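J.: give me the fold of what follows.
(one chain, ligands or ions: 1)
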Amino acid sequence: MKTAIHDKKLLNINQLDREDYQRIYDEGKRGNLCCPVCRESVRLYIGIREEPHFNHLLKKNPPCQDQVIPTTEEASPKIEYVERNGFKIPKSRSIVAEQQTSEFNRPRRVKIPSPFGKKTIHVSTTHSSGYMDLLMKNGVKLDSNQLSAVSHIDGALLVVAGAGSGKTRVLTTRTAYMLNERNIDPRSIMLVTFTAKAAAEMKARLSQYPSMNKSHITQLLAGTFHSIFYRILSFHDREKWSSEKLLKKDWQKEQILKDSGKQLDLDEKEFAYDLAIQQIGFWKNSLISPHEVKPESAWEEKVAILYKNYEDVKSERQLFDFDDMLLGCYYLLKENPTILEIYQKRFEYFLIDEFQDINKVQYELIKLLSSKSKNICAVGDDDQSIYSFRGSDPNYLLHFEKDFPNSKLVILNENYRSSYEIVETANRVIKKNRDRRPKEMNAQFSTELAPTLFFPIDEEEEATMIVQDIREKIEEGFEPKDFAILFRTNTGSRAAFERLANSSLPFRIDLDMEPFYERFIVKGMLSFLQLSLDEDNQQAIKQILPSMFIKQNVMQDLKATSILEDCSLMECLSKVKTGFAFQERKLKKVVPVIRSLSGLSPLTAIEIVEKELGFGDFIKKRGNEGNKLDKGSDDIKDLKVAAKAFNTISDFLDHVDHMTAMNKEIKNLSKHQENVITLSTIHRAKGLEYKVVYIIGGVDGSIPHDYALDSFRNGDEAPLEEERRLLYVAITRAMQHLYISIPEKRRGRKVYPSRLLAPIRKL
Ligand SMILES: Nc1ncnc2c1ncn2[C@@H]1O[C@H](COP(=O)(O)OP(=O)(O)OP(=O)(O)O)[C@@H](O)[C@H]1O
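T.: Residues are numbered from 1 along each chain as shown. As a prediction, the model looks like this:
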C-alpha cells in the first residue's frame, strides 16, 4: 500500500520526503503506523527487492487497497511496468537515468555483456600417485593446473592464483601429499599463512583428509610470519622478547611519536601522526634503518627524525613492536651463521600463502632459510595485494622467477567460488589497474543473477535495506552464516551494527573493533548530552574536561566545591579558578548552555555544543585532524547521522547505552557462535567466502578512501590502485549474490558513486 495513518494523519508515500523514510520506518517498528482501511498495524517496507510501501504485519486476504489515489500517479499518466533482470521497471522510463535525490532510486543490475559459455575444465580423475587417487575418491577434486602445483615438491614453485581459484585447496592438498605420498618429516615443513585463523583452518582441513596422522599435523609448523619468527626469537632470548614489553596498540606508538613531536614543534592538528606510524612501519619492513632513510619530502624528513627518536625511546625502555619481531629474527639469523644453519637444517620445505603481501624483511628471512634446500612454494595473487601501505610489495611475486632461477610457474585462473556474473564484474573492475599481471578469471557456473547496485539515501537506510534483504533470504532458506556485510573502515559499520543489534539476527564483529560510542571524540560529545540530564554525572564531567582544556586534577576541587557550596558538580565548573580570565569566562558560559540542551533534539544539542562550547575547536586541536585515516570531525558527522533518528536526548542516550552493551555481548557471542552473519572490514574478509555479500559505502571518500583520493590529486596513483584491489577482494568473496550499495549521502553530505565502480555502472 502507498498510504498509512501516523499520528492521526494520513501519510502518502509519494508525498513523503526520502529523508523521512527511515523515521517513518522506525515509527512502524514502534507500532505507531496503522492501515487506513482496517486500522491494523502496518510497517514501512524498505528493502532491495521491492519499492518502499506499507505492509501489514499479518498478511491480509484479500489485501487492503489504498483509499486515496497516490498523488504522483494522479498527476502523471499511468505507468506501465515491465520486468527486467528480475526488477519491475516503468516501461517508459530509461533505467540509465540518474534520479533526483528525493525520489526512490530503483536498484539495478550490473549489465553482463555476453552470456555464460561453459568451457570444459580438465579435472584429473586418475593420477600416477596413490594418495592423490585416494583424495579424489574422497571428493577432493583438483584440476590439472592445481594438480601440477600440488605435486611439484622439489625446487622453487610460484603459483599465481586468482581469487577463488583454490589456493587454500592447493596448499592443504600439497601438504597432505608431502606427508602421505612423499613421507616428508612434518617437522621440516614451514607453512606460512597471513592470519592465525587461516593456519588453524588449514590444519583443520588437513585433519579431514584420508590417512592423515594427527600427530603429523601437530608437528607441522603452521602460522603467521610474526608468530613463527617470534617463537624463534623468544626461544633464543626469552627475557628480551617477553610479551609484556610489546607495544601492542597503535596509540602506544602514537604517544611516543607525539612526545618527541612536541620537541620538534609538530602541531597535532596539522601533523599526520597516523601516517607517520605507517611510514615508520614501511621503512622498518623494508629494512631501512633510521640512518638509512632518504626522505623524499619535507614531511618525510620530519618522520625520519621521529623514527630515530622512536627507536631510541624503545631501546631505552626495552620495548619492542610487531615489526621488531621480524627484524629481530632477521638480524639473529643473518649475524649468527650457526643459528641460521640449525634452522636451515630443521626446515626444508616452505609453503607461503598470500605471497603478494610479503614485505622485504619477510622475503629476506625466507630467502635466508630456504637458501640451502631451495624448496619454496609461494602462492599469491597480485590483484589481492592490500597491505602495501605497510611495506607489502607484490613485486616479489611478480619477479619471483628472477630471485629463484629455474623455478616453475603455475597459473590458476579458474574461479570455483563465484558465479560467472560476479567473476565478470570483478574482472571488469580490476582491469583498470595498470600495475598488475594481466589475467582474467574464468567462472565455472552461472546463476543468471547479475550483481545488484542499490541506492539508499544514507547510511541508516543502507543498513535497513540490507537487514530487510537478509531477512527475506533467510525466510527462503539461506542461513545466517551465508551472509557478509563488508565495509572499508570500522566507522563505516555503525549503522549496520545498530540495525543488526536491534534485529533478532545473529551476527559477528571483529573482536578488536572499537565500539563507535566509546571513541574518544564521540564519548566527549555525548558527555555534554548526559550532563544536560544529570548534572552530577561524575564520569561525564571527567570526559568533558579535556574539551575545556582543563586538567583532570580539577575534579577534586569540583567535588569539594560541590559539597561545600551544596551545588551540582556541573554548576561548580563556573566556579573553577584556572588563573586565565578567558578560560574562566568560558566556563561560566558552559553551565547555562548545557542546561539549555535538555529539551532539544540530540542533533540540535550536538550542533550547539560544537559551535557554542568550542567543541569544534577542540576537535581541531585534539581530534587527530592531522590524521588522514581517522579524523575526529568525521566521528562527529557520524554521530549526527545516528542522532537524527531520535527526538529526545534521553532516548538517544538510552540507545547509546544499549548499543555499547550490545557491542560487548556480540563480541562474546562472536567467540562461540558459528552460524552467524559476518560484519567485517574488507581487509579482514580476505581469504573468506560467503554466499551473499553486501558491500556498503560504494562512494568516493569511502572506497576509495579520502586518503587515496588526496594522494591521487597529488599525482600518486598507487593508493587508488590499492583501493581498487580492495574492492576486487570484496567482490570476489561472494559466491552467488553480490549487492553494492551506493548511498546518496554520507556523513550528512551529498556524495558521488565510487569512481572504482565506473566500469560496472555504465549500462
Ligand atoms: N578443483 C576444484 N573443483 C571444485 N571446487 C574447487 C576446486 N578448487 C577449489 N574449489 C572451491 O573453490 C572455492 C575457492 O577455493 P579457495 O578458498 O581455496 O580459493 P582461494 O584461491 O584461496 O581464494 P581467495 O584467494 O579468493 O581467497 C572453495 O569453495 C573451494 O572448495
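J.: just checking, what packs against the host helix or strand of A730?
T.: For A730, the element it lies in under DSSP states H and E is helix 718-731. Here helix 718-731 touches helix 420-430, helix 682-685, strand 690-695, helix 706-713, going by 3 or more C-beta pairs under 8 Å, 6 or more residues apart in numbering; DSSP states H and E. In short, each C-beta sits where N, CA and C put it, glycine included.
J.: adding distance to T218, mean pLDDT and mean neighbour count, write those out as JSON lines.
T.: Below are the helices and strands packed on helix 718-731 laid out as JSON lines (distance: least, C-beta to C-beta, whole Å; pLDDT from 0 to 100; neighbours: other C-beta atoms under 10 Å):
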{"stretch": "helix 420-430", "distance to T218": "38", "mean pLDDT": "96", "mean neighbour count": "25"}
{"stretch": "helix 682-685", "distance to T218": "27", "mean pLDDT": "93", "mean neighbour count": "19"}
{"stretch": "strand 690-695", "distance to T218": "30", "mean pLDDT": "98", "mean neighbour count": "24"}
{"stretch": "helix 706-713", "distance to T218": "43", "mean pLDDT": "91", "mean neighbour count": "16"}
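J.: adding distance to V361, write these out as JSON lines.
T.: Below are the helices and strands packed on helix 718-731 laid out as JSON lines (distance: least, C-beta to C-beta, whole Å):
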{"stretch": "helix 420-430", "distance to V361": "28"}
{"stretch": "helix 682-685", "distance to V361": "20"}
{"stretch": "strand 690-695", "distance to V361": "33"}
{"stretch": "helix 706-713", "distance to V361": "24"}
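J.: can I get the ones you listed in a markdown table with distance to the ligand?
T.: Output for the helices and strands packed on helix 718-731, formatted as a markdown table (distance: least, C-beta to the nearest ligand atom, whole Å):
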| stretch | distance to the ligand |
| --- | --- |
| helix 420-430 | 10 |
| helix 682-685 | 9 |
| strand 690-695 | 11 |
| helix 706-713 | 22 |
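J.: which residues in the stretch 501-650 of the chain form helices?
T.: 520-533, 538-544, 554-564, 569-572, 581-597, 602-612, 615-622, 632-643, 649-672 (DSSP state H, counting those that start in this stretch).
J.: give me the mean pLDDT for the third one.
T.: In this case it means helix 554-564. Taken as a whole, helix 554-564 has a mean pLDDT of 81.
J.: what count of nearby residues applies to the residue in the stretch 351-500 of the chain that the ligand sits nearest to?
T.: Of all residues in the stretch 351-500 of the chain, Y416 sits closest to the ligand, at 3.2 Å by C-beta to the nearest ligand atom. A count of nearby residues for Y416, using other C-beta atoms under 10 Å, gives 19.
J.: that one contacts S165, correct?
T.: Yes: counting by C-beta atoms under 8 Å, S165 is a contact partner of Y416 at 6.9 Å.
J.: circling back: rank the helices of the stretch 501-650 of the chain by pLDDT, which is bottom?
T.: Averaging pLDDT over each of these puts helix 615-622 lowest, since it has a mean of 78.
J.: residues from the protein in reach of the ligand?
T.: 141-143, 146, 161, 163-169, 381, 384, 416-417, 687, 689, 732 (C-beta under 6 Å from any ligand atom).
J.: could you redo the last one with a cut-off of 8 Å?
T.: 121, 123, 141-143, 146, 161-171, 354, 381, 384, 412, 414-417, 444, 686-689, 729, 732-733, 735 (C-beta under 8 Å from any ligand atom).
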